[in-house]
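> The sequence and its predicted three-dimensional model are supplied below.
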Amino acid sequence: MATGISSRQIILRIVRKSDGKTMTMNIPENDNRKVKYIKSQLTHLFHPHGKFRLYYKGRHIKSRHRLSYYGITSQQSNIEIILV
């Protein structure tokens, strides 16, 4: 049954550098939420103390942008969390 909506998922593998703890998040590829939403979810899941930054392929991912701004699609899957 075709609905015209893509069911492809962006699979994000999140790694916290300070202790190596990992988790996976699945985000619908057509989700328009910004990186800020992902960061809020990670705050609840990882319970980090203080601020943290996300990096993808060495590039800082800022809260005000969407994943697509950084070229992250259902074909890419590694985002690292760096606690600062």
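In hand now; what should we look at?
> Only alpha carbons, please: show stretch 18-28 as CSV.
Provided in CSV are the C-alpha atoms of stretch 18-28 (Å, rounded to 0.1, in the frame of the first residue of the first chain):
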residue,chain,number,x,y,z
SER,A,18,34.1,10.0,27.6
ASP,A,19,33.1,6.4,28.3
GLY,A,20,32.4,4.7,25.0
LYS,A,21,28.7,4.2,25.8
THR,A,22,26.7,3.8,22.6
MET,A,23,23.1,3.9,21.4
THR,A,24,21.2,3.9,18.2
MET,A,25,18.5,6.3,17.1
ASN,A,26,16.2,5.8,14.1
ILE,A,27,14.9,9.0,12.5
PRO,A,28,12.5,9.0,9.5
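> quick one: contacts for the closest residue to residue 62 other than its chain neighbours?
The spatial neighbour of residue 62 that comes closest, neighbours along the chain excluded (Cβ to Cβ, 6 or more residues apart in numbering), is residue 35 at 6.5 Å. Backbone N, C-alpha and C define where each C-beta goes, glycine included. The neighbours of residue 35, taking Cβ atoms under 8 Å, 6 or more residues apart in numbering as the test, are 54, 61, 62, 63, 64, 65, 66, 67.
> ok, the residues you listed vs residue 13, which is closest?
Proximity of these to residue 13 (Cβ to Cβ) peaks at residue 54, which lies at 12.0 Å.
> roughly how far apart are that closest one and residue 24?
Counting by Cβ to Cβ, to the nearest Å, the gap from residue 54 to residue 24 is 15 Å.
> who's more crowded, the two?
The neighbour count for residue 54 versus residue 24, taken as other Cβ atoms under 10 Å, is higher for residue 54 (20 against 9).
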